[in-house]
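Undergrad: just need the structure, nothing else, for what follows:
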Amino acid sequence: MTSAVYIARNQAGDVLYIGMSENVEERLEPGHEKWELLRHAIIEIVPCAAADLRKQESRLIADLKPAYNGKSLLVGDNFVIIRKGP
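TA: Modelled structure (predicted):
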């Protein structure tokens, strides 16, 4: 079990999403709720102490400005819909 922040990029290298998990192997397993969003992405894993996950994730989000963080997402078969509004 590895605690880590993960960075999902598209094929062009654009940052799509940054997440964190105390068990990144489980998070990236097929069947997890975020799997549909991440399955076509290139994932960079940044190991991090569990106590520092939130701080590291926040710093990376501020620096890299990923497209999908901070938005409600509905995930379909091969697409992502951003839910607008409250």
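Undergrad: name the SS class of residue 51, please.
TA: helix (DSSP: H, G, I helix; E, B strand; the rest coil).
Undergrad: distance-wise, check it relative to residue 42.
TA: 27 Å (C-beta to C-beta, to the nearest Å). Heads up, the C-betas are built off the backbone N, CA and C, glycines and all.
Undergrad: which one of these two is surrounded by more residues?
TA: Ranked by neighbour count (other C-beta atoms under 10 Å), residue 51 and residue 42 place residue 42 first, with 13 against 8.
Undergrad: isn't the more buried one right next to residue 8, touching?
TA: Yes. Using C-beta atoms under 8 Å, residue 42 makes contact with residue 8 at a distance of 7.3 Å.
Undergrad: so which elements touch the helix or strand containing residue 20?
TA: Per DSSP states H and E, residue 20 falls inside strand 15-21. Judged by 3 or more C-beta pairs under 8 Å, 6 or more residues apart in numbering; DSSP states H and E, strand 15-21 is in contact with strand 4-9, helix 35-38, helix 53-64.
Undergrad: out of these, deepest packed?
TA: Mean neighbour count, computed with mean count of other C-beta atoms under 10 Å, is highest for strand 4-9 among the helices and strands packed on strand 15-21, reaching a mean of 22.
Undergrad: and that one with strand 15-21, angle?
TA: 160 degrees (axes from the mean of the first three to the mean of the last three C-alpha atoms, to 10 degrees).
Undergrad: what lines up beside strand 4-9 in the sheet?
TA: strand 15-21 (antiparallel), strand 42-47 (antiparallel) (DSSP bridges).
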